[in-house]
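Undergrad: Could you work out the structure for the sequence below:
(4 chains)
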Number of protein chains: 4
Amino acid sequence: MKGDEDVARLIVSCPDRHGIVATLSGLLAEAGANIINSDQHSTDPEGGRFFLRMEFHLAGLAGRRPALEERLAAVAAELDLDWRLTLAAARKRVALFASHLDHCLLDLLWRWRRGELAMDVVSVVSNHPDLEPEVRPFGVPYHHVPISAGTKAEAEARELELLAGRVDLVVLARYMQVLSRDFLHRIGAPVLNIHHSFLPAFAGGNPYAQAHERGVKLIGATAHYATEELDEGPIVEQDVSRVSHRQDREELARIGRDIERVVLARALRWHLEDRVLVDGNRTIVFY
Amino acid sequence: MKGDEDVARLIVSCPDRHGIVATLSGLLAEAGANIINSDQHSTDPEGGRFFLRMEFHLAGLAGRRPALEERLAAVAAELDLDWRLTLAAARKRVALFASHLDHCLLDLLWRWRRGELAMDVVSVVSNHPDLEPEVRPFGVPYHHVPISAGTKAEAEARELELLAGRVDLVVLARYMQVLSRDFLHRIGAPVLNIHHSFLPAFAGGNPYAQAHERGVKLIGATAHYATEELDEGPIVEQDVSRVSHRQDREELARIGRDIERVVLARALRWHLEDRVLVDGNRTIVFY
Amino acid sequence: MKGDEDVARLIVSCPDRHGIVATLSGLLAEAGANIINSDQHSTDPEGGRFFLRMEFHLAGLAGRRPALEERLAAVAAELDLDWRLTLAAARKRVALFASHLDHCLLDLLWRWRRGELAMDVVSVVSNHPDLEPEVRPFGVPYHHVPISAGTKAEAEARELELLAGRVDLVVLARYMQVLSRDFLHRIGAPVLNIHHSFLPAFAGGNPYAQAHERGVKLIGATAHYATEELDEGPIVEQDVSRVSHRQDREELARIGRDIERVVLARALRWHLEDRVLVDGNRTIVFY
Amino acid sequence: MKGDEDVARLIVSCPDRHGIVATLSGLLAEAGANIINSDQHSTDPEGGRFFLRMEFHLAGLAGRRPALEERLAAVAAELDLDWRLTLAAARKRVALFASHLDHCLLDLLWRWRRGELAMDVVSVVSNHPDLEPEVRPFGVPYHHVPISAGTKAEAEARELELLAGRVDLVVLARYMQVLSRDFLHRIGAPVLNIHHSFLPAFAGGNPYAQAHERGVKLIGATAHYATEELDEGPIVEQDVSRVSHRQDREELARIGRDIERVVLARALRWHLEDRVLVDGNRTIVFY
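TA: Predicted structure coming up:
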């Protein structure tokens, strides 16, 4: 998008009440901004919560941003708004975690190189050395942080040292390790995970084996924010593919790889564009 | 929805420019309205066209509507708006046209009886008498208007006599006759058609036979507004279903029936809720 | 299909071993039959189980069937085959169970009237009187068998009296009552159920409310054979539809109705055509 | 699959008649083979054409193949069979053609490296030098054969020199050049192409621009065998993705890339496993 440096996004959530759109669009109009996209959602017009994403163009944004934020802060206090203003040109800093499976990791790096994902990949972290040669050509640092039963705390400490304060998002691109509660608290950034099942079906380990055992006719993948409860965080995106009795577990896994990488890429793209708003354990996705 | 009588929708299209949302949401806020849903689209922020649908609640709408429309008219003149205000409680009057195939027609009547479609079905028109017994239990007048090669003008005149000025929408629920340019001009209401292919593939007659001949691996259906150019009008909705070499033409038609009725029902529902805005030969659908 | 009276289906399952196809196709060829369709599946070529469905045409089938069955029985003893021979022209006798929701029931009756489902509907059974007027035009007996907390055993006894020995299949078309273990044993026919979720997700009650609560991005439906374990029986068919934060529970239920009826109709059709073979808690579906 | 060296596939097409399956399965059984998979299709049991794919295991296949082929040849003459016997272990030699777009090419190379595609990639041919660095790590020769208006014949001659007699399949992985009739005749191998639309819609150039112009609600991709008539060859696989008024041409192209690569990979996999049988301008795909 041309002129991205003059494009910003206002993300708001608040108790629903009259006049929020009018107030905010009025404020932006007075500031000289042109609203490019606007999406809103109310969980209930009476007593519910209101969510809004406004993408706007404002010539000379960099210089006029402090004044705009000051006015927003004043309105926010009045209307009890949770809000943030993000710049389209400010790429989020992202760390990609992987194990030895390459399909999600390489797919994201590819899309990134092609310009599909507006982010800065600050590093790849893996508990295996295997994928280092694949990652090298993309010019991203590869950190091999081995984890064994006894060294998890140590490994997470190493990861936090590398990343805390340096990333805006962690993406678990088929990273096969469970992150501790402590890590999630201290990393200071959301963590986006891809789970290889249609959650809440087949949470936990070996979902393709579980799916085969149960004899389902569709398999799926789920991108969600990681929380302390494994596979229980807010779902961002899901998709499925048709299967039959003909596929064994290995073929379910092969078919599943195609779903996983597309679902994760979509969820990541939406996150990077500030399209995903969290509402308790649910998400509002303005796409 | 409770209190529907106080809910209205403002539908706007205009040249894109700064401040439209602010002006309109401000106008509604001043009038005491609460915006429930708002969607907008710009074909191009610079020199493009802007489309907006705002659904709002206004206590005592009936009494306050004239004043609101007066203010809207003033703003519209200033900003060069095409606009209309529709009441959620004002059900559109709909005529359903069918031939001898029952699946789309009965599906719509069924959904209507269940409360899925907020419309008044004023009549069913068919060039065959076959479906009259099926329609009777729904309490809708059934008009049998036969058409043969030589009587088309006469038949259309009869239909116009029955309907012109009495309907807000005509739905062609697998009506196998082509409507004349003259009829489309004089009916004074949009005409929504279901075509049994994934347009622009297989326009014209016998699309399932064409699809079988070409050996496609998916078949589809398309709901579109009828225009003078057969199968060329703005597309509202499409969907497909997977098929294989195993299906012959009859089975393609059977599978296709399920797609046709779902696609038509979705498009009709969106039309009834004023979610479909026409932009030349394309549609913007806010769903 | 013309000449259906000369078409039969041989359904076989057995321990996998060499030469089964050759033996059976040879036997049919010698008998003068022409194989129209043949499908087979092995869960594992070494030590697994083999499943086969052969549809064949044999002129004068009625007269030659006893001799054919005699030869099949001899081979079956030798090869340890579970087998059955069904006639395409012998329509299965089906009872449809419903509660007060009409969408699955009416959809099946409609498809049946259209000729999409080769079955004899022997009766509709409901614990509510509501749908009797809808069912009457189809010319099918409607049995209202009320059930309350204290009368379940009595109600099931009434149903067994009506149906046991008189049906080849029971279809639960959104029948909201759990059938007892005893009923399932005594009915003497398979029971096909539609569950309004993507099993194993959201088993049990109110799956659309559960789906809304969990914030999933797709909702689904599952057709499965009923067993003593609620929602745990072999899955025949599943499908899903995309949803978003915009849909509340009622809208999930509305969208879900379209999936339910299509999934149930597909599963029923496959069952009627002897395409569904049960392998423990999984199904092989030759479609 | 273990023991692939003892697995073969018998591919047959012939006029439909009684006893083909019995004859062929009998012949294989006598030879000591165990049929692992068998699929068949008849375009019409009376006067149609019959297609069959039998995958079987035969211990010591290499040594016993000549005798088996001799017997097959005898039967083939009798029953008027077109047939071929392929070895699962005999990987097809494939040339990949690309232009400057990387997504289909790299996706295939990736899948190949992961073991998803049982082929030998003999070379990558491109009319641009751009993708050479991406291809190099896969260890495949990269041939840059520039083409301009005046040099097409010369370029094709160069390609034929490189490939004729050395490949079993050519895959056009978004190769933006039209191959001449002469090239198709002389290459001596099938050519599999991916077209970035849901054919027959939007044949020819710029299909995403055409799709945007027409306002379709789904976009698709089609894998087909190339013939002299551009975009008219037998379709192997198709798929679609939902789009809306929100996507401009660039975003349609981005979404389309995900469909293209999955559709091409599926079609290629089926081709490599001898699952695609051509019937005039249609395909039978046994998957």
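Undergrad: what about the residue of the stretch 51-200 of chain A found nearest chain D, how many neighbours?
TA: For the stretch 51-200 of chain A, the residue closest to chain D is A:Glu116, as judged by C-beta to the nearest C-beta, at 6.0 Å. Backbone N, C-alpha and C define where each C-beta goes, glycine included. For A:Glu116, the neighbour count with other C-beta atoms under 10 Å in any protein chain shown is 17.
Undergrad: cool, A:Ala33 as well?
TA: Look at A:Ala33: counted by other C-beta under 10 Å, it has 26 neighbours.
Undergrad: tell me the pLDDT at A:Asn37?
TA: Per-residue confidence (pLDDT) for A:Asn37: 89.
Undergrad: Could you look up the SS state of it?
TA: Here A:Asn37 is recorded as strand under DSSP: H, G, I helix; E, B strand; the rest coil.
Undergrad: Chain C contacts on chain A?
TA: Within chain A, the positions adjacent to chain C are A:41, A:198-202, A:214-218, A:220, A:234-240, A:244-246, A:279, A:281-285 by C-beta under 8 Å from any C-beta of the partner chain.
Undergrad: show me the contacts for the spatially closest residue to A:Val178 that is not a sequence neighbour.
TA: Distances taken as C-beta to C-beta, 6 or more residues apart in numbering or on different chains put A:Leu230 closest to A:Val178, at 6.1 Å, once the chain neighbours are dropped. Residues in contact with A:Leu230 (C-beta atoms under 8 Å, 6 or more residues apart in numbering or on different chains) are A:Val178, A:Ala203, A:Gly204.
Undergrad: Closest one to C:Arg254 out of the residues you listed, please.
TA: Using C-beta to C-beta, A:Ala203 comes nearest to C:Arg254 of these, at 28.1 Å.
Undergrad: Just list the residues touching that closest one, thanks.
TA: So A:Ala203 contacts A:His195, A:Ser197, A:Leu230, A:Asp231, A:Glu232 (C-beta under 8 Å, 6+ apart).
Undergrad: For the residues you listed, which PyMOL command selects only the ones that are buried?
TA: Here is the PyMOL selection string for the buried members of the contacts of A:Ala203, based on 16 or more other C-beta atoms under 10 Å in any protein chain shown:
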select buried, chain A and resi 195+197+231
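Undergrad: Could you look up the next helix or strand downstream of the longest helix seen in chain A?
TA: Counting by DSSP state H, the longest helix found in chain A is helix A:249-272. Counting by DSSP states H and E, the next helix or strand C-terminal to helix A:249-272 is strand A:276-279.
Undergrad: Poorly predicted segments of the stretch 1-150 of chain A, please.
TA: A:1-3 (pLDDT under 70).
Undergrad: residues in it within reach of chain B, list them.
TA: Contacts of the stretch 1-150 of chain A with chain B, taken as C-beta under 8 Å from any C-beta, map to A:17-19, A:21-23, A:25-26, A:28-30, A:32-40, A:42, A:45, A:57.
Undergrad: burial of the closest residue to A:Arg242 other than its chain neighbours, as a residue count?
TA: Computed as C-beta to C-beta, 6+ apart, the closest residue to A:Arg242 that is not its neighbour in sequence is A:Leu218, at 5.7 Å. When neighbours are defined as other C-beta under 10 Å, A:Leu218 has 22 of them.
Undergrad: Was I right to think A:Leu218 contacts A:Asp239?
TA: No - look at A:Leu218 against A:Asp239 with C-beta atoms under 8 Å: they stay out of range, at 9.9 Å.
Undergrad: other SSEs contacting the helix or strand hosting A:Val135?
TA: Using DSSP H and E, A:Val135 sits within helix A:132-135. Judged by 3 or more C-beta pairs under 8 Å, 6 or more residues apart in numbering or on different chains; DSSP states H and E, helix A:132-135 is in contact with helix A:103-114, strand A:142-144.
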